[in-house]
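Peer 1: Have a look at this prediction, sequence included:
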Amino acid sequence: YFLLRGLELLKQNGILCYIISDTWRTLRTFEPLRTRLLKYNIIHYVDLPQWIFDATVNTNILTLVKNEKDNEIVTAKFNSSLDKNWEILNQTLKKISQQNLIEESNEKVCIYTINKNDIKQVNNNRFIIGNSDLYKIFKNNKYKILGNISDIKVGLQTGDNKFYIRKNLGVSGSYEMINKNLILTDKEINKLSEDEKENGIDKKKHSGRCFIPYDKGGESDVSEGWLPNYFVSPSYFINWSKESIKRMKTYKVSDFKKDRGLSAKIKPGDKTRLVSRFQNINFFFKHGISYSSLGVYAPTFRISHCGIFDQKSCFIGIKKHSSKVLLGILCSKPIRFFARSFISHTTDFQVESAKLIPLPTLNEREKEKIETLIDNIIKKQKINSKYNYLNNEQLTIDDIVSKGFDLKSSLIQEINIWHKRTYPKLF
């Protein structure tokens, strides 16, 4: 609102400079705002380190002039862990304000220029920050995108997780601990009928057991240099009994409020509105890839547990390609760079963003090599859940994917620097 109001009040050739949340740059919901901003002369936009205002949101400086001139736009971004380094901040801001700017990229800060037309060529007019040569590769139409070769879906929203979900010991979340004697085996889950998958399990048939794996996202362990990629043992389980599913399909918002002593806050529409949302149920109990859409290190990708998936642990169903090859591609450094630099830089990497991920061109020998490497990773992860694949097999996978994008050594180095700048605790 304040930005739009500022544009309304600004006189012709007047200058607007705001410090605002950085989410406007790439989130789909801000596309109308970005479209309007492109009508003006954008001078620069700079993502600031979080410590400046000690805020819970990331901040951004946006400067523009109210005229229709087109010029090279200066962009910049700082290492998130620059602990109150005012000297580097001041030096960088001075560089940005000068003419004849020289681009730079190191582990502490990056400064790039971008043309307004390049922004217009990005889906939803995203205001990106990144190397122009890598951006050209990203938008090259010779590379297929993930949305063209797979189905990407959000999952179940129970509306009352504490009632339905249980967790393993040591896992985050205020859920009750799972009684492992109540979990169905993989073999039993594979034999469930279509009716049981849709309407719930008859507990009598399984000696009272009715819990199945629930893909709900994965936690990163940066201290051990680990991301929840490739394989993660089930940590969450959902009650999929007939009684549970019946409640989920009939439990209204009014019931939810009444059970919590909030009867006075019940609205007329609450009596007909369900608490839960059953979304894309035809993709439940399918083999595919699960990915966490929310978090600083999102997206992270791993083999799905062939059960139910959550709204924030989305499902990727493969149409024709090998799921292992695709998994290796998605977990690679080039893909993480493209995803977070040119698609969505926020902590919520939504389904529509995932659809835009570019895919490299690989030959059969390279695909077989990736499959072998992933088999090795998963085998080791089943023995040691925190196996450090990042400094082992992942290095070779990254090389194969980089070659599939025809990346020169200088661009590979740029991607490595971006990782050190963006995730200093991990790389």
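Peer 2: Structure's in. What do you need?

Peer 1: which stretches of the chain have low pLDDT?
Peer 2: Applying pLDDT under 70 to the chain flags the ranges 55, 99, 218, 222-223.

Peer 1: repeat that for 80
Peer 2: Low-confidence segments of the chain, defined by pLDDT under 80: 1, 54-56, 80-84, 99-100, 121-123, 217-225, 319-321.

Peer 1: so Asp348 sits right up against Leu294, yeah?
Peer 2: Yes - shown here, Asp348 and Leu294 form a contact pair, counting by CB atoms under 8 Å, at 5.6 Å. Where you see a C-beta, it was placed from the backbone N, CA and C, and this is true even at glycine.

Peer 1: in the sheet, who's paired with Cys110?
Peer 2: Lys77, Ser105 (DSSP bridges).

Peer 1: give the contact list for it.
Peer 2: Each residue near Cys110 by CB atoms under 8 Å, 6 or more residues apart in numbering is listed here: Ala76, Lys77, Glu104, Ile129, Ile417, Trp418, Arg421.

Peer 1: now Phe163
Peer 2: Arg247.

Peer 1: since we're on Thr158, how many residues are nearby?
Peer 2: For Thr158, the neighbour count with other CB atoms under 10 Å is 23.

Peer 1: Please read the previous query as pertaining to Leu82.
Peer 2: Residues near Leu82, counting by other CB under 10 Å: 20.

Peer 1: Okay, it and Gln413: tell me how far apart.
Peer 2: To Gln413, Leu82 is 21 Å away according to CB to CB, to the nearest Å.

Peer 1: Likewise for Met177?
Peer 2: Met177 is 47 Å from Gln413, by CB to CB.

Peer 1: go on, Arg336?
Peer 2: Distance from Arg336 to Gln413, by CB to CB: 15 Å.

Peer 1: Which of those two has more residues huddled nearby?
Peer 2: Using other CB under 10 Å as the criterion, Arg336 and Gln413 rank with Arg336 on top: 24 against 12.

Peer 1: which residues does the nearest residue to that one once chain neighbours are set aside contact?
Peer 2: Closest residue in space to Arg336, ignoring its immediate chain neighbours: His419 at 7.3 Å, by CB to CB, 6 or more residues apart in numbering. By CB under 8 Å, 6+ apart, His419 lies in contact with Lys333, Arg336, Phe337, Leu426, Phe427.

Peer 1: farthest pair in those residues?
Peer 2: Farthest-apart pair in the contacts of His419 is Phe337 and Leu426; separation 13.6 Å (CB to CB).

Peer 1: And these two? Which one has more around it.
Peer 2: Phe337 (21 against 18).

Peer 1: pretty sure Ile111 contacts Gln98?
Peer 2: No - using CB under 8 Å, Ile111 is not in contact with Gln98, being 10.8 Å away.

Peer 1: Which of those two has more residues huddled nearby?
Peer 2: Comparing Ile111 with Gln98 by neighbour count (other CB under 10 Å), the higher total belongs to Ile111, at 20 against 9.

Peer 1: Tell me how far the residue lying closest to the more buried one once chain neighbours are set aside lies from Ile129.
Peer 2: Once flanking residues are discounted, Ile111 sits nearest to Ala76: 4.6 Å by CB to CB, 6+ apart. In this view, Ala76 and Ile129 are 7 Å apart by CB to CB.
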